[in-house]
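Asker: sequence-free structure coming up:
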Ligand SMILES: Cc1cc2nc3c(=O)[nH]c(=O)nc-3n(C[C@H](O)[C@H](O)[C@H](O)COP(=O)(O)OP(=O)(O)OC[C@H]3O[C@@H](n4cnc5c(N)ncnc54)[C@H](O)[C@@H]3O)c2cc1C
């Protein structure tokens, strides 16, 4: 069966993607949002500290008000938890067409539109809007496939009763280890949490180290694996996706090296190995960027690569648009034959207002 052809496929359900979806919904454009997280605004849920207040910040020089009032944070700041709760109600109430837990991978040009490739299959749109924000979790680089490995922890209780592997040497990984140890302790589960890092030293701040120490003193069963490198993603004889991680290596004089590795079911693995900006994705998609050289850019630094966009946010790849945090803090704007750096603060305001201008432009293009 041929996949449905949507007017727009939107990648990411953050403020930019959700505002785009809502405006499509109101103006009768067909659309589908693909979000890698468990629910809308996953990027915000993952990055804001607990209890953080959300501000309706607007750059001083910006002439426009918030153009999608329904998604605007309240003037009197509320905690991120209550803003997220409001957003989930809004998505349900408006019945927006969002598929969660679908990770965007690539785009293929077709005669009648664009096919979007994801880890859950293909989707087709006349236009594609990239609204995946500014921080994209890094993938593990191993031989084979490691896509089943989670990049954040949504429910520590899922790991009670299983041996778990957390990869990464910083505060985020430490926080995941602490949360799982705590969940296990509360359920009297003595199965260990393995904590691996490819360097010999873990690097966490004092406050995190104290919380971790406390969890260990309360009985947390943790096995540290410094100098361990994830090597292979494979499917075993029972069709279970597994990740092998090499924990030590002994060079032999005869040239045959000996090493030890542990193999974990991928569903028991969480990799917190940092995030990257969107430039590698633009490269992969063949979207043009321009490097800032001395004196050319005011916001970006020398050597930064900025994505090239029209005034309607269309990239150099026809039919592919980019909005929101993905183009912050600045991009190169093509306007009336000129290319100039355009300031683009990374705010909910800019993300929402990009969506408004984008949908207006696409409505005209599609004659709706
Ligand atoms: C700690 C912190 C505090 C902040 N506080 C404020 C504030 O008070 N007020 C304010 O205005 N701004 C604030 N900001 C900035 C604001 O959160 C961002 O400007 C805004 O979230 C950008 O929206 P976005 O939709 O472009 O990106 P995001 O919010 O990052 O949303 C992108 C979405 O795309 C999804 N995604 C990513 N990759 C893929 C993929 N491959 N496939 C499918 N989906 C994918 C993500 O899961 C995410 O849900 C803050 C930022 C941080 C980090």
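Answerer: Happy to help now that I have it. Computed from a predicted structure; not experimentally measured.
Asker: So which bits of the stretch 251-368 of the chain are right by the ligand?
Answerer: 324-326, 346-349, 351 (C-beta under 6 Å from any ligand atom). For every residue, glycine as well, the C-beta is placed using N, CA and C.
Asker: how about these, which pair is most distant?
Answerer: Pairwise distances across those peak at 15.4 Å for 326 and 349 (criterion: C-beta to C-beta).
Asker: ok, back up a step: which of the residues of the stretch 251-368 of the chain next to the ligand has the most neighbours?
Answerer: residue 324 (32 neighbours; other C-beta atoms under 10 Å).
Asker: how close does it sit to residue 345?
Answerer: 11 Å (C-beta to C-beta, to the nearest Å).
Asker: Kindly report the same for residue 74.
Answerer: Distance from residue 74 to residue 345, by C-beta to C-beta: 20 Å.
Asker: between the two, which one's more packed in?
Answerer: Using other C-beta under 10 Å, the more surrounded residue of residue 74 and residue 345 is residue 345, with 16 against 12.
Asker: looking at it, the more buried one is touching residue 61, isn't it?
Answerer: No. Applying C-beta atoms under 8 Å, one finds residue 345 not in contact with residue 61, separated by 10.0 Å.
Asker: buried sites along the helix or strand containing residue 213?
Answerer: Residue 213 is part of helix 206-217, with elements assigned from DSSP states H and E. Across helix 206-217, burial judged by 16 or more other C-beta atoms under 10 Å covers 208, 211-212, 215.
Asker: quick check, nearest of those residues to the ligand?
Answerer: residue 208 (16.6 Å; C-beta to the nearest ligand atom).
Asker: check contacts around that closest one.
Answerer: Counting by C-beta atoms under 8 Å, 6 or more residues apart in numbering, residue 208 touches 171, 174-175, 178.
Asker: Relative to the ligand, which of the residues you listed is nearest.
Answerer: Nearest member of the contacts of residue 208 to the ligand, counting by C-beta to the nearest ligand atom, is residue 171, at 13.6 Å.
Asker: count of neighbours near the closest one?
Answerer: When neighbours are defined as other C-beta under 10 Å, residue 171 has 16 of them.
Asker: What of residue 89?
Answerer: For residue 89, using other C-beta under 10 Å, the count is 10.
Asker: now swap in residue 311 and tell me
Answerer: 12.
Asker: swap in residue 118?
Answerer: Residues lying near residue 118 (other C-beta under 10 Å) number 17.
Asker: any idea how far it lies from residue 34?
Answerer: From residue 118 to residue 34 the distance is 6 Å (C-beta to C-beta).
Asker: Now do the shared contacts for the two.
Answerer: 102-104.
Asker: Of these - the most surrounded one?
Answerer: residue 104 (22 neighbours).
Asker: residues contacting it?
Answerer: Counted by C-beta under 8 Å, 6+ apart, residue 104 has contacts 11-12, 34, 36, 116-118, 130, 132.
Asker: swap in residue 64?
Answerer: Residue 64 is in contact with residue 353, counting by C-beta under 8 Å, 6+ apart.
Asker: List the buried residues for stretch 227-246?
Answerer: Of all the residues in stretch 227-246, those buried under the rule 16+ other C-beta under 10 Å are 228-234, 241-246.
Asker: tell me which of those residues is nearest to the ligand?
Answerer: Using C-beta to the nearest ligand atom, the buried residues of stretch 227-246 come closest to the ligand at residue 233, 18.0 Å.
Asker: pLDDT at the closest one, what is it?
Answerer: What the model reports as pLDDT for residue 233 is 95.
Asker: got it, and residue 1?
Answerer: At residue 1, the model reports a pLDDT of 66.
Asker: And the one 4 residues further on, by the same measure?
Answerer: Looking at residue 5, its pLDDT reads 96.
Asker: wait, isn't it in contact with residue 112?
Answerer: Yes. In this structure residue 5 lies within contact range of residue 112 using C-beta under 8 Å: 6.8 Å.
Asker: shaky segments in this structure?
Answerer: Under the criterion pLDDT under 70, the flagged ranges of the chain are 1-2.
Asker: Would you map out the domains in it?
Answerer: Domains of the chain are assigned by automatic domain parsing as 5-134+275-365, 143-271.
Asker: ends of the first one, how far apart?
Answerer: Using C-alpha to C-alpha, to the nearest Å, one end of domain 5-134+275-365 lies 16 Å from the other.
Asker: next one: stretch 98-116
Answerer: 15 Å.
Asker: Buried ones in that stretch, by neighbour count?
Answerer: Buried, per 16+ other C-beta under 10 Å, within stretch 98-116: 98, 102-104, 107, 113-116.
Asker: and if you look at stretch 248-263?
Answerer: Quick answer for stretch 248-263 (16+ other C-beta under 10 Å): 261-262.
Asker: got the contact list for that stretch?
Answerer: 165, 194, 225, 227-228, 231, 236, 242-247.
Asker: Surely residue 171 is in contact with residue 204?
Answerer: Yes. Assessed by C-beta under 8 Å, residue 171 is found in contact with residue 204 at 5.2 Å.
Asker: Point to the residue nearest the middle of the chain.
Answerer: residue 136 (4.1 Å; C-alpha atoms, centre = their mean).
Asker: how about it, what does it touch?
Answerer: Per C-beta under 8 Å, 6+ apart, neighbours of residue 136: 275-278, 281.
Asker: Wait, residue 327 touches residue 314, no?
Answerer: No. Applying C-beta under 8 Å, one finds residue 327 not in contact with residue 314, separated by 11.9 Å.
Asker: So the two - more neighbours on which side?
Answerer: residue 327 (28 against 21).
Asker: ok, back up a step: go through the contacts of residue 136 and say which is closest to residue 70.
Answerer: Closest approach to residue 70 among those (C-beta to C-beta): residue 278, at 26.5 Å.
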